[in-house]
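Student: Next comes the sequence, and after it the predicted model I'd like to discuss.
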Amino acid sequence: MRAPEEQGWTGRLAVMSVAAAVAVSVIYLPQPMLVDLARSLGASTAGAGIIATAVQIGYACGIFLLVPVSERVQPRRQITAQSFAIAAALLLTAVLPSVAAVATGFLAVGLVANIPQLIIPAAGKLAPAGKSGSTTAALAGALLCGIFGGRVVSGLLVEVIGWRWVLVVFAALVLAVLPAVRAVLGEVELSAPGASYGRLLVSTLRLLRGRNGALLPSSAMQFFGFATFNSLWTVAALYLITGPTRWSASQAGLFGLVGLAAGILTPFAGRVVDRIGSLRAVGAFGSLLVLASLATAADSSVIWLFGVTAFLLTWSSQSMQAANQNRVLTTNPGAAGQANTLFMVAVFLGGSFGSFVGPLAYETGGMP
């Protein structure tokens, strides 16, 4: 039987996972709706693709500018303020008239949507002893569930209510989960409660020349790992709707269930991390990611094979991220939030790169 502390932690972690999943889902809303966005705003799909890139860039910038604040302000307070900001940005974006304006609106959404990156370091501090790897993996899996659960929901809704009302629905969801996550977070020990904002940013950058040697290689590996993940999933809906399958937007959205299944299984990667160590786990999952990436060039014309490949690519990418992230957090115990900041900036810069080159490559040469 599990100890009472572990049983209580399971419930708290579940609430934090739901909150993280809902928050991250908003930065992936443009991907399954690209065809509808292009049609509504009078743009090409490649032109509308800049919206998917903008929100990822905003997310990376927001991580650097806002996540270090959690070292001096209780995450519960910061999450509250940013949840209201996300909802306001989504509602504003829902009424904007052009691709450029909507891209700017989503840039603002991404800027304040980094709530998962506030939750992950806080959860690491609150987790019972020996549970850091499984905690990080559980939250990584929750993020994947949010990414693909959001794709499924938005893909189903966009044909019924249009992309503008989809944004209204997700604004309401962000606010709906806020009371629960405030209740379970409680007080977290702050590493720099009296530090100025400028000092926090400077000290965050100084971690780049730290001596533990884990931050830079882990960040570089995950830059390319997440670029691979995002390049595939940014064009997946375009391929399924405009390619040989000619699926509807709702059918293409349901393809996100493949990624959702990968998200459900990602927490099991935490056991691998805790058992063999972060670095070996990165090697194993990274090798699988390379093989799955190569397979997408050959099997996209056979939909069930493409689904299997998309599952393996997604699961290996996110499991690799969980291992890399755990490595970064455990090697920087006194500055976990700041180290996580730099790591996730690299991840989502990679994501924005993948979101940009994916549609360009697809228009140039198709899925292969």
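Tutor: Ah, there it is. Since the structure is predicted, the reported quantities are computational estimates derived from the model, not experimental observations.

Student: contacting residues for G105?
Tutor: By C-beta atoms under 8 Å, 6 or more residues apart in numbering, the contact list for G105 reads 89, 92-93, 96. For glycine as for every other residue, the C-beta is placed from the backbone atoms N, C-alpha and C.

Student: distance of the closest residue to it other than its chain neighbours from G155?
Tutor: Leaving out its chain neighbours, the residue that sits closest to G105 by C-beta to C-beta, 6 or more residues apart in numbering is T93, at 3.1 Å. Distance, T93 to G155, using C-beta to C-beta, to the nearest Å: 18 Å.

Student: swap in P97?
Tutor: Using C-beta to C-beta, we find P97 at a distance of 24 Å from G155.

Student: And N230, by the same measure?
Tutor: Distance from N230 to G155, by C-beta to C-beta: 17 Å.

Student: where do the helices sit along the stretch 101-250 of the chain?
Tutor: In the stretch 101-250 of the chain, the segments counted as helices under DSSP state H, counting those that start in this stretch are 115-126, 132-176, 178-185, 197-206, 215-242, 249-254.

Student: Could I get the buried residue list for stretch 24-39?
Tutor: 24-38 (16 or more other C-beta atoms under 10 Å).

Student: For the one helix or strand A54 maps to, buried residues please.
Tutor: Element membership of A54, judged by DSSP states H and E, is helix 45-66. Judged by neighbour count using 16+ other C-beta under 10 Å, the buried positions of helix 45-66 are 45-66.

Student: Same check on stretch 345-363?
Tutor: By 16+ other C-beta under 10 Å, the buried positions in stretch 345-363 come out as 345-359, 362.

Student: helix or strand right after the helix or strand bottoming out on mean pLDDT in the chain?
Tutor: Using mean pLDDT, DSSP states H and E, helix 269-276 stands out as the lowest-scoring helix or strand of the chain, at a mean of 75. Downstream of helix 269-276, the next assigned helix or strand under DSSP H and E is helix 278-299.

Student: got the CA coordinates for that next one in PDB?
Tutor: Provided in PDB are the C-alpha atoms of helix 278-299 (Å, rounded to 0.1, in the frame of the first residue of the first chain):
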ATOM      1  CA  SER A 278      18.200  10.600 -17.200                       C
ATOM      2  CA  LEU A 279      21.100  10.500 -19.700                       C
ATOM      3  CA  ARG A 280      20.700   6.800 -20.700                       C
ATOM      4  CA  ALA A 281      16.900   7.400 -21.100                       C
ATOM      5  CA  VAL A 282      17.600  10.400 -23.400                       C
ATOM      6  CA  GLY A 283      19.800   8.100 -25.500                       C
ATOM      7  CA  ALA A 284      17.100   5.400 -25.800                       C
ATOM      8  CA  PHE A 285      14.200   7.700 -26.500                       C
ATOM      9  CA  GLY A 286      16.300   9.900 -28.900                       C
ATOM     10  CA  SER A 287      17.300   6.800 -30.900                       C
ATOM     11  CA  LEU A 288      13.600   5.900 -31.300                       C
ATOM     12  CA  LEU A 289      12.800   9.500 -32.300                       C
ATOM     13  CA  VAL A 290      15.400   9.300 -35.100                       C
ATOM     14  CA  LEU A 291      13.900   6.000 -36.400                       C
ATOM     15  CA  ALA A 292      10.300   7.300 -36.300                       C
ATOM     16  CA  SER A 293      11.300  10.500 -38.100                       C
ATOM     17  CA  LEU A 294      12.900   8.500 -40.900                       C
ATOM     18  CA  ALA A 295       9.800   6.300 -41.200                       C
ATOM     19  CA  THR A 296       7.500   9.300 -41.800                       C
ATOM     20  CA  ALA A 297       9.200   9.900 -45.100                       C
ATOM     21  CA  ALA A 298       8.100   6.500 -46.400                       C
ATOM     22  CA  ASP A 299       4.800   5.500 -44.800                       C
END
